[in-house]
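Colleague: fold the following for me, if possible:
(2 chains)
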Amino acid sequence: MTELFGFWWEWLPTLLSGLQLSLAVTAVALLFGIPLGLILALGVQSKRAVWHVLSLFIIETGRGAPALILLQFTYFGLPSAGIALSSFVSASLALAWCTGAYTSEIIRAGLDAVPHGQKEAAAAIGLTDWDALYFVILPLALRVSVPPLFGFAILMLQASSLCFAIALPELVSQAYVIGSNTFQYMQILLLAGLLYAVICIPATIAVAALEARLGRHTD
Amino acid sequence: MMLEILQSIASGIPLSIALTIVAFVSGAVLGMPLCGMRASNAQPVRVLSGALVLTLRSIPPIVWLFFIFFGLGADFIQISPFEAAALGLGLITAANMAEIYRGALTAIHPGQWEAAAALNLPPLYRFVDVIGPQLFRIALPSGATYAIGLLKDTAIASTIGVPEIAFEAYHTSQRTFHSLDVYAVAGLFYILISLSLAALTRWADVKLRARVAR
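Modeller: Numbering: from 1, shown residues only, chains lettered A, B, ... in the order given. Next up, the predicted model:
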């Protein structure tokens, strides 16, 4: 047992630097992906056929193809079209695409949950479409969307582990390299799993509590 | 050229589907006792199964697959990539299906349990004849949504060398250098399989509903 802890203590800093990168790529993906999700949610409802079709295409490809394929598409695929990106940039791009596609559904559900009367009331007091959206509809819609968006953020941290496949030195990649150097795959993967669990388990419980709290008045 | 790309990626389709089916079926079966444990009257059983579900869902699939294939596989048991992937994804599916069953159980009217008890049906038949069929019907749409997600998760098995769609795509792109087309085709295959799975579920759902409505 002390041998295991000694081994863990030796490699923990390396894994933590990997975890830092996992968190960074997740944060960037969410930072760009959630606004993209909002744009896509509005785009799908647009009456202009171009916006509608384009948004639908981005959503369906982002949700339909596995995240791993999106990652490899941006990292291995785009260079053959003359666009070479670093593994961090292509990981952020692919995961933001994925985030935009999934969160557009979450945000659309929030928009649908806003009673129609709110829109009519906003029009009746002479707000422009933009102002109605910004001051009336979005604040109400996002309140509904926040718990599932947090839930999605947890899934995104887990999905960032797929960046292993495009040689981004995040948590899983670091664990794999240490494993192949020391042949102690099991011990190091156990530690990597623990690090994910330490973040994701409390976060999952917190999201469930938040959901219960916000849902208190609706039932 | 395009035909060759299509053919070599398509050769991974059977394994992607096989892995999805094996993982889903074993997960759907294992999920039942797990769901039963979560609803148990004994607190230790409840806490333990809750912790198990949370742990299985909180650690990324790739870590489970590596842990089983490189960790257990290197030191303890002989395991093939396909078996490791099926085991890992099956366990994760069990945790998720347990949650889906739990949600479906709350949707069944308590009167159904009471009526089954009042008819003096033995506990096994209460489940098999009364609760089970309703549970199946309610859990079907969420289960199918999960299965489609699982199909996409099977791409992760390529990292431990299961020659399914993502694996074939990687090797085709290394061989032909047409990476953009290769990954677009691979993505398209996943989307097409998902769409057919969704259509199949809608058909099954309509059939099942029609039987209840009669």
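
Colleague: when you work out contacts or count neighbours from here on, use the C-alpha atoms and nothing else.
Modeller: Fine.

Colleague: quick one: contacts for residue B:161?
Modeller: Counting by C-alpha atoms under 8 Å, 6 or more residues apart in numbering or on different chains, residue B:161 makes contact with B:81, B:167.

Colleague: quick one: it from chain A, how far?
Modeller: Look at residue B:161 and chain A: by C-alpha to the nearest C-alpha, to the nearest Å, they are 12 Å apart.

Colleague: for residue B:40, same thing?
Modeller: Taking C-alpha to the nearest C-alpha, one finds residue B:40 at 20 Å from chain A.

Colleague: which residues touch that residue?
Modeller: Applying C-alpha under 8 Å, 6+ apart, the residues contacting residue B:40 are residue B:46.

Colleague: state the mean pLDDT of the stretch of helix or strand residue B:144 belongs to.
Modeller: Assigning secondary structure by DSSP states H and E places residue B:144 in helix B:132-153. Averaging pLDDT along helix B:132-153 gives 93.

Colleague: lowest-confidence helix or strand of chain B?
Modeller: Every helix and strand of chain B was ranked by mean pLDDT, DSSP states H and E. The lowest is helix B:73-75, at a mean of 74.

Colleague: tell me which residues of whatever helix or strand comes next after it are tucked away?
Modeller: Counting by DSSP H and E, the element after helix B:73-75 in chain order, helix or strand, is helix B:81-106. Residues of helix B:81-106 classed as buried: B:81-105 (neighbour count, 16 or more other C-alpha atoms under 10 Å in any protein chain shown).

Colleague: could you give the mean pLDDT of the longest helix along chain A?
Modeller: Longest helix of chain A, by residue count under DSSP state H: helix A:2-45. For helix A:2-45, the mean per-residue pLDDT is 94.

Colleague: that one close to chain B?
Modeller: No. Figure legend: helix A:2-45 not in contact with chain B (C-alpha under 8 Å from any C-alpha of the partner chain); closest approach 12.1 Å.

Colleague: please, which helix or strand holds the most centrally placed residue in chain B?
Modeller: Centroid-nearest residue in chain B: residue B:24, 3.3 Å away (criterion: C-alpha atoms, centre = their mean). Following DSSP H and E, one finds residue B:24 within helix B:13-38.

Colleague: which SSE is immediately downstream of that helix?
Modeller: Moving toward the C-terminus from helix B:13-38, the first helix or strand encountered (DSSP H and E) is helix B:43-58.

Colleague: pLDDT averaged over that next one - what is it?
Modeller: If you average the pLDDT over helix B:43-58, you get 94.

Colleague: same check, this time on stretch A:53-64
Modeller: Averaging pLDDT along stretch A:53-64 yields 94.

Colleague: list the contacts of it.
Modeller: By C-alpha under 8 Å, 6+ apart, the residues outside stretch A:53-64 that reach it are A:40-41, A:43-44, A:70, A:97-102, A:104, B:187, B:190-191, B:194.

Colleague: with only the CA atoms kept, save it in CSV.
Modeller: Presented in CSV, the C-alpha positions along stretch A:53-64 are these (Å, rounded to 0.1, in the frame of the first residue of the first chain):
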residue,chain,number,x,y,z
VAL,A,53,-30.5,24.9,-42.8
LEU,A,54,-27.0,26.0,-41.8
SER,A,55,-27.8,25.8,-38.1
LEU,A,56,-29.5,22.4,-38.5
PHE,A,57,-26.4,21.1,-40.4
ILE,A,58,-24.0,22.2,-37.6
ILE,A,59,-26.2,20.7,-34.9
GLU,A,60,-26.9,17.4,-36.6
THR,A,61,-23.3,16.8,-37.5
GLY,A,62,-22.0,17.9,-34.1
ARG,A,63,-24.5,15.6,-32.3
GLY,A,64,-24.6,12.8,-34.8
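
Colleague: give me the distance from the longest helix of chain A to the chain's centre.
Modeller: Centroid separation for helix A:2-45 versus its chain: 9 Å, with C-alpha atoms, centre = their mean, to the nearest Å.

Colleague: got it, and stretch A:117-130?
Modeller: The answer for stretch A:117-130 is 32 Å, by C-alpha atoms, centre = their mean.

Colleague: so for that stretch, mean pLDDT?
Modeller: 92.

Colleague: contacting residues around the residue nearest to the spatial centre of chain A?
Modeller: In chain A, the centroid-proximal residue (C-alpha atoms, centre = their mean) is residue A:156; its distance is 3.9 Å. With contact set as C-alpha under 8 Å, 6+ apart, residue A:156 has these partners: A:26, A:95, A:99.

Colleague: so for it, what's the pLDDT?
Modeller: On the pLDDT scale, residue A:156 is placed at 96.

Colleague: one more: residue B:171?
Modeller: For residue B:171, pLDDT reads 93.

Colleague: would you mind pulling the contact partners of the strand or helix carrying it?
Modeller: Taking DSSP H and E as the definition, one finds residue B:171 inside helix B:165-176. With C-alpha under 8 Å, 6+ apart as the test, helix B:165-176 has contacts from A:69, B:5, B:8-13, B:15-16, B:155-156, B:158-159, B:161, B:179, B:182-183, B:186.

Colleague: of the residues you listed, buried ones?
Modeller: If you count burial by 16+ other C-alpha under 10 Å, the buried members of the contacts of helix B:165-176 come out as A:69, B:5, B:8-10, B:12-13, B:15-16, B:155-156, B:158-159, B:179, B:182-183, B:186.

Colleague: still on that earlier bit, how about the helix holding residue B:144 and chain A, any contact?
Modeller: Yes. Helix B:132-153 is in contact with chain A by C-alpha under 8 Å from any C-alpha, via B:152-153.

Colleague: that helix: how far from the chain's middle?
Modeller: How far helix B:132-153 lies from its chain's middle: 8 Å, per C-alpha atoms, centre = their mean.
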